[in-house]
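> Here's my sequence, what's the structure:
(chains A and B)
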Amino acid sequence: MEIGRRLAALLLVAAAASAGCGEQDEDQRTAVRDAFADLSGALARDDLASACVSMTPAAANHIGSLAHGSPRGCERDLRRLFRLTRRTDPASRRRLRLVRLTVDGDTAKVLAANGEGWTAALPFVRVEGEWKANRLFAVTGPPVNH
Amino acid sequence: MTSTHAKQLLALSIGAALAWLAPAQGAAPSEPATTSATPAGVARGCPEVTVEEAPPSVEGGCVAELPPRPVRLTVLSMYGPVPFETCLVQLALHVSPAGEVWMPTFGADEEGRRQGACGDIEPCRWTGGDEPIYMAPFDPWRGTIERAGGRDVAVLDTCFDTCLGRFEGKLRIGLVRKGGRWRASAAPGSVGESGLRLEGSWPISWER
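From the prediction side, this is the model:
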């Protein structure tokens, strides 16, 4: 009888703790979803200033370094990226859809898909409490300069 | 509370915990349906493959030569699909009787010359970890022949070092026999979840 009460109390405490952790995790997942929506929305409407706010300096530097370039400021580098990708069908620039999200501490991976089901796992990091995209591409390292 | 009640509560709690875990399990990367690691048709009767580590070389097996053909490379980014380049891509596959496959040759040229973005594609080796292994000279990509949707598919651990960054993951190249002729197809072949997509096909000449 006494063992049963103790076990029930233990389970209640564990359940409460789990619920707390779950809420915390869900808060972070919601925050990453919001960050993803903010950035994809800003890119879709060519709002470069907002897009730059939604990225880490590493992501901005990566954009500037693309195709043998040198970083010259986030908005300017984004404009250059858009010029490099001018062949892109504007219709295909519709917002990507979030299909899967994994959060691990201060890092997260968003599996995003376009309308054709084509996917890319995009990295996000939490910087001073805010989630930001750490790359616009699903790459694991910096671009090379052969 | 009786011990029976305690057991019931424990069982309910475990059930709830499993139900709570279920979405995370369901979120794991999914593989295409109906795949099998059983040595497939193209591997049957192949000679053994000899692989040397230093210097890297692959000899033997059934050899599929894929001559240079245009392959369109595109990357899905946060901004949407970004065209990378159309390159002449030349490949070779060595298939062992156990259904293992090696790709010792990967060439991406533009009109026969290494120039533009095509010249910026360097193959590296990905083993599923966080960091790729750089190969100089190119170390063969490895993989297996699987059956998927009634056809043979070479599934290779690939890594592309480009001027956009490194793209890593499993690349699937379908091997199809039609009217007595073999064709290989990456149409479209996505490199894992990296967003890099290859679209192209090649005639295959087999040395068996």
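
> could you pull out the strands for chain A?
With DSSP state E as the criterion, chain A has strands at A:97-104, A:107-113, A:119-127, A:130-133.

> where are the low-confidence patches of chain A?
A:1-4, A:6-23, A:85-94, A:141-146 (pLDDT under 70).

> Grab the most central residue of it for me.
A:F124 (3.6 Å; C-alpha atoms, centre = their mean).

> Low-confidence bits of chain B, can you list those?
Low-confidence segments of chain B (pLDDT under 70): B:1-40, B:110-115, B:135-138.

> can you tell me which residues contact the residue nearest to the centre of chain A?
A:V32, A:A35, A:F36, A:T107, A:A108, A:K109, A:V110, A:W131, A:K132, A:A133, A:N134 (C-beta atoms under 8 Å, 6 or more residues apart in numbering or on different chains). In short, each C-beta sits where N, CA and C put it, glycine included.

> Apart from its neighbours in sequence, what residue is nearest it?
A:A108 (4.3 Å; C-beta to C-beta, 6 or more residues apart in numbering or on different chains).

> Quick check, central residue of chain B?
Closest-to-mean residue, chain B, C-alpha atoms, centre = their mean: B:L171 / 2.2 Å.

> Which residue ranges of chain A form helices?
In chain A, the helices defined using DSSP state H lie at A:2-44, A:48-53, A:57-65, A:74-84.

> what kind of secondary structure is the nearest residue to B:F106 once chain neighbours are set aside in?
Nearest residue to B:F106, sequence neighbours excluded (C-beta to C-beta, 6+ apart): B:P123, at 4.5 Å. With DSSP: H, G, I helix; E, B strand; the rest coil as the basis, B:P123 sits in strand.

> separation between B:P123 and A:K109?
Shown here: B:P123 relative to A:K109, a distance of 24 Å by C-beta to C-beta, to the nearest Å.

> Can you get me a residue count around residue 78?
In the absence of a named chain, this looks at chain A. Neighbour count for A:L78, taken as other C-beta atoms under 10 Å in any protein chain shown: 23.

> meant chain B, my bad for not saying
Counted with other C-beta under 10 Å, the neighbours of B:M78 add up to 26.

> what's the nearest residue to it if we skip its chain neighbours?
Nearest non-adjacent residue to B:M78 (C-beta to C-beta, 6+ apart): A:L136, at 4.2 Å.

> My guess is that neighbour contacts B:S77. True?
Yes - using C-beta atoms under 8 Å, A:L136 is in contact with B:S77, at 4.8 Å.

> Neighbour count for these two, which is higher?
The neighbour comparison of A:L136 against B:S77 (other C-beta under 10 Å) goes to A:L136, with 28 against 24.

> helices or strands next to the helix or strand encompassing B:V155 in the packing?
Using DSSP states H and E, B:V155 sits within strand B:151-162. Under the contact definition 3 or more C-beta pairs under 8 Å, 6 or more residues apart in numbering or on different chains; DSSP states H and E, strand B:151-162 sits against strand B:80-95, strand B:100-109, strand B:122-124, strand B:141-148, strand B:165-178.

> Distance to B:P188 added to those strands, as CSV?
Listed next are the helices and strands packed on strand B:151-162 as CSV, based on distance: least, C-beta to C-beta, whole Å:
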stretch, distance to B:P188
strand B:80-95, 11
strand B:100-109, 16
strand B:122-124, 19
strand B:141-148, 15
strand B:165-178, 10
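
> State whether B:E193 is indeed within a helix.
No - going by three-state DSSP, the assignment for B:E193 is coil, not a helix.

> who's in contact with it?
B:E193 sits next to A:L111, A:T119, A:A120, A:A121, A:A138, B:P29, B:G169 when contact means C-beta under 8 Å, 6+ apart.

> what about B:G129, how many residues close to it?
Neighbour count for B:G129, taken as other C-beta under 10 Å: 8.

> Repeat that for B:W202.
Neighbours of B:W202 (other C-beta under 10 Å): 21.

> Can you tell me how far it is from B:P68?
To B:P68, B:W202 is 8 Å away according to C-beta to C-beta.

> B:V176 now?
Taking C-beta to C-beta, one finds B:V176 at 20 Å from B:P68.

> Then A:A121?
Distance, A:A121 to B:P68, by C-beta to C-beta: 31 Å.

> Equivalent analysis for B:H94, please.
19 Å.

> who has more neighbours, the two?
In this view B:H94 and B:P68 are compared by other C-beta under 10 Å, and B:H94 has more residues nearby, 24 against 16.

> ok, for that one, nearest residue in space, not its chain neighbours?
Nearest residue to B:H94 in three dimensions, chain neighbours excluded: B:G61, at 3.9 Å (C-beta to C-beta, 6+ apart).

> mind listing what the closest residue to A:A51 other than its chain neighbours touches?
Nearest residue to A:A51 in three dimensions, chain neighbours excluded: A:A42, at 4.0 Å (C-beta to C-beta, 6+ apart). By C-beta under 8 Å, 6+ apart, the contact set of A:A42 is A:L48, A:S50, A:A51, A:S54.

> from the residues you listed, which is closest to B:S185?
A:A51 (36.4 Å; C-beta to C-beta).

> residues near the closest one, how many?
When neighbours are defined as other C-beta under 10 Å, A:A51 has 27 of them.
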